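Visitor: Take a look and give me a structure for this.
(chains A and B)
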2 protein chains.
Amino acid sequence: MKDSQEYKEKKAFFEKIITLYGRNVVVEILQDSSIEIHKLHLADSNKPDGAIKKILLLAKERGIEIVKHNKAALSRISKNAKQDQGVAIDIVSKTYLHVNKIKELQQYRLIALDGIQNPQNLGMIIRSCAAGNIDGVILPKRNSAKISPLVVKASAGTLFKLPVYFCNTLEEILPQLQEAKIYSLSSHAKTALNDIREEKKTVYVLGNENEGVSDTVEKLCNDSVSIPMNRGVESLNVAVTASLIAFKA
Amino acid sequence: MKDSQEYKEKKAFFEKIITLYGRNVVVEILQDSSIEIHKLHLADSNKPDGAIKKILLLAKERGIEIVKHNKAALSRISKNAKQDQGVAIDIVSKTYLHVNKIKELQQYRLIALDGIQNPQNLGMIIRSCAAGNIDGVILPKRNSAKISPLVVKASAGTLFKLPVYFCNTLEEILPQLQEAKIYSLSSHAKTALNDIREEKKTVYVLGNENEGVSDTVEKLCNDSVSIPMNRGVESLNVAVTASLIAFKA
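Guide: Next up is the predicted model:
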């Protein structure tokens, strides 16, 4: 019984960890004292000069645990051998939360992402939602861009300002949000975004850059809304759509 | 006198020409019968197979003039030796207009770009403005991203749907738009975008991705507006800002 509780806590802790990589990104993170760091991972092949020297110094200053690995083990941690440059860092994000936490909210406007692939779009979505009137983004782990240095860069430092609710798939979580009104965004929808009166709990689902919202997710939505466009334009960039929802008057 | 008139007409014609490059882009343009093409330029070193074969076939079908050049001459035309792949094409755009044309409009909402550098941002701005309530974009030739294949791609096929007014610099054109109310976008401005009542002729100036609107351009604006942001976020992506203006209720 005690073991099981310990296991649960450990699992919950590790689920909240975001692993980033690349020398410049790691330097930036180490310099930002507002970011809680779990561990720093280094390839034992790294020469201790330049950026690595700086990284070691910053980690020592903050008293952060450093673990050395061979290159293959390090790339299993970074999950990006091509771009990790022998450096990865585990961040304990206070804003990276399990979707179950949504059920504790009395009122919310959320954006759920169904198969967003482009890290720049994901970063821009987070930036606009953090700046606008959105209480969080629902980001599935499967079939979606992951939090990576490119996302951090495109978010312009806002990643850790906005709750990002993780789940495995939207198919799993949307049916559980029974009190919420769930809208898919679709250019074919007859109802315009600006014409709906929002409920206390509202979720907007944005689809993949090319395909839009998938059929299986569409079926889990209560209704579909569009953003009316001029000049026969067929669609907007997904980060722009998220921004228009985030700043909807 | 006659020469001078001819010269003026020639100059006006060539000013409206947009030169794009790269094999896939040129194939796409040749396949789009709505785009008027002036000339196709090929490097004489191109092997006549694959994409080049297709390009030659499409150009012949449409009766388009083909000019061959040595590689150096071709890259002077494309202005991008690294990415032209030995192919460039001159487009006569009906929507690429001299800023003087603005004076003929009775009413307008325009977005003027002050030093936008990122071609993806420029493409997204054009896409959102074409889809929203904007009558055109003012794009200086100096110190700004140029219309390129990356811009075309990020515009998702909307580039030729929206008037793009070209000028040398904003410093040159803004003082001439005397009837217009000109706003710069600035995160420091006290007036919120949604609180202003727009005049019949309104221009919004958006600044460079890092620096914002330059001091010299700022002085030519009548007022400054901001988009209020939550969570201490300092700025929005410039294409997102353009989109919020384009879809302002």
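
Visitor: SS state for residue A:183?
Guide: At residue A:183, secondary structure determined by DSSP: H, G, I helix; E, B strand; the rest coil is strand.

Visitor: Just give me the neighbour total for it.
Guide: Each residue near residue A:183 was counted by other CB atoms under 10 Å in any protein chain shown, and the total is 24. Where C-beta positions appear, they are placed from N, C-alpha and C, glycine not excepted.

Visitor: Roughly how far does it sit from residue A:110?
Guide: Residue A:183 sits 11 Å away from residue A:110, going by CB to CB, to the nearest Å.

Visitor: Which neighbours do the two have in common?
Guide: A:202, A:203, A:204 (CB atoms under 8 Å, 6 or more residues apart in numbering or on different chains).

Visitor: Out of the residues you listed, who's the most crowded?
Guide: When neighbours are taken as other CB under 10 Å, the top entry among these is residue A:204 (25 neighbours).

Visitor: Which helix or which strand is home to that one?
Guide: Here residue A:204 is covered by strand A:201-207, with elements defined by DSSP states H and E.

Visitor: Repeat that for residue A:239.
Guide: With the criterion set as DSSP H and E, the secondary-structure element containing residue A:239 is helix A:238-246.

Visitor: roughly how far out does that helix sit from the chain middle?
Guide: Mean C-alpha position of helix A:238-246 versus that of the full chain (CA atoms, centre = their mean, to the nearest Å) differs by 15 Å.

Visitor: which outside residues touch that helix?
Guide: If you take CB under 8 Å, 6+ apart as the criterion, helix A:238-246 is touched by A:109, A:111, A:116, A:120-121, A:124-125, A:128-129, A:131-134, A:185, A:193, A:204, A:206-207, A:209, A:227, A:236, B:124, B:127-128, B:236-237, B:239-240, B:243-244, B:247.

Visitor: Stretch A:207-227 now?
Guide: By CB under 8 Å, 6+ apart, the residues outside stretch A:207-227 that reach it are A:114-118, A:121, A:170-171, A:174-175, A:181-193, A:196, A:204-206, A:235-236, A:238, A:241, A:244, B:131, B:247.

Visitor: Which members of those residues are classed as buried?
Guide: Neighbour counting with 16 or more other CB atoms under 10 Å in any protein chain shown marks A:114-116, A:118, A:121, A:170-171, A:174, A:181-186, A:189, A:193, A:204-206, A:235-236, A:238, A:241, A:244, B:131, B:247 as buried within the contacts of stretch A:207-227.

Visitor: From chain B, how far out is residue A:34?
Guide: The gap separating residue A:34 from chain B is 11 Å, by CB to the nearest CB, to the nearest Å.

Visitor: Find the helix or strand that that residue is a member of.
Guide: Taking DSSP H and E as the definition, one finds residue A:34 inside no helix or strand.

Visitor: Check whether the helix or strand that contains residue A:120 comes near chain B.
Guide: Remark: residue A:120 resides in helix A:119-131, with elements defined by DSSP H and E. Yes: applying CB under 8 Å from any CB of the partner chain, one finds helix A:119-131 in contact with chain B at A:120, A:124, A:127, A:128, A:130, A:131.

Visitor: I'd assumed residue A:156 was in contact with residue A:130.
Guide: No: with contacts defined as CB atoms under 8 Å, residue A:130 does not count as touching residue A:156, sitting 9.3 Å away.

Visitor: can you list residues touching both of those two?
Guide: If you check residue A:130 and residue A:156 against CB under 8 Å, 6+ apart, no residue is contacted by both.

Visitor: Who has more neighbours out of the two?
Guide: It is residue A:130, of residue A:130 and residue A:156, that has more neighbours when counted by other CB under 10 Å, with 28 against 19.

Visitor: From residue A:193, how far out is the more buried one?
Guide: Computed with CB to CB, the distance linking residue A:130 and residue A:193 is 20 Å.

Visitor: Ok, residue A:232 next?
Guide: According to CB to CB, residue A:232 stands 19 Å off from residue A:193.

Visitor: swap in residue A:104?
Guide: As for residue A:104, its distance to residue A:193 is 27 Å (criterion: CB to CB).

Visitor: what do you get for residue A:175?
Guide: Computed with CB to CB, the distance linking residue A:175 and residue A:193 is 24 Å.

Visitor: now do residue A:185
Guide: For residue A:185 relative to residue A:193 (CB to CB), the value is 8 Å.

Visitor: again, but for residue A:159
Guide: In this structure, residue A:159 and residue A:193 are 26 Å apart, going by CB to CB.

Visitor: Could you do residue A:182 as well?
Guide: Relative to residue A:193, and taking CB to CB, residue A:182 is found at 14 Å.

Visitor: Equivalent analysis for residue A:161, please.
Guide: When residue A:161 is compared with residue A:193 (using CB to CB), they lie 24 Å apart.

Visitor: Could you do residue A:169 as well?
Guide: As it turns out, when the distance is counted by CB to CB, residue A:169 lies 25 Å from residue A:193.

Visitor: can you check residue A:187 too?
Guide: 11 Å.

Visitor: Let's verify residue A:165: helix, strand, or coil?
Guide: In three-state terms, and counting by three-state DSSP, residue A:165 is strand.

Visitor: pretty sure it is touching residue A:102, no?
Guide: Yes: between residue A:165 and residue A:102 there is a contact under CB under 8 Å: 5.9 Å.

Visitor: what do the two both touch?
Guide: Between them, residue A:165 and residue A:102 share these contacting residues under CB under 8 Å, 6+ apart: A:110, A:136, A:138.

Visitor: so what strands line up beside the helix or strand hosting the first one?
Guide: This points to residue A:110. Here residue A:110, judged by DSSP H and E, is contained in strand A:108-114. Here strand A:108-114 has these sheet partners by DSSP bridges: strand A:136-140 (parallel), strand A:201-207 (parallel).

Visitor: residues making contact with it?
Guide: Contacts to strand A:108-114, defined as CB under 8 Å, 6+ apart, come from residues A:102, A:122, A:125, A:129, A:133-140, A:144, A:165, A:170, A:173-174, A:180, A:182, A:198, A:201-208, A:213-214, A:217, A:242, A:245-246.

Visitor: again, but for stretch A:43-52
Guide: Applying CB under 8 Å, 6+ apart, the set of residues contacting stretch A:43-52 from outside is A:23-24, A:27, A:42, A:56, A:68-71, A:74, A:84, A:86-87.

Visitor: how about 7 Å then?
Guide: With contacts defined as CB atoms under 7 Å, 6 or more residues apart in numbering or on different chains, stretch A:43-52 is touched by A:23, A:27, A:56, A:68, A:69, A:70, A:71, A:74, A:86.
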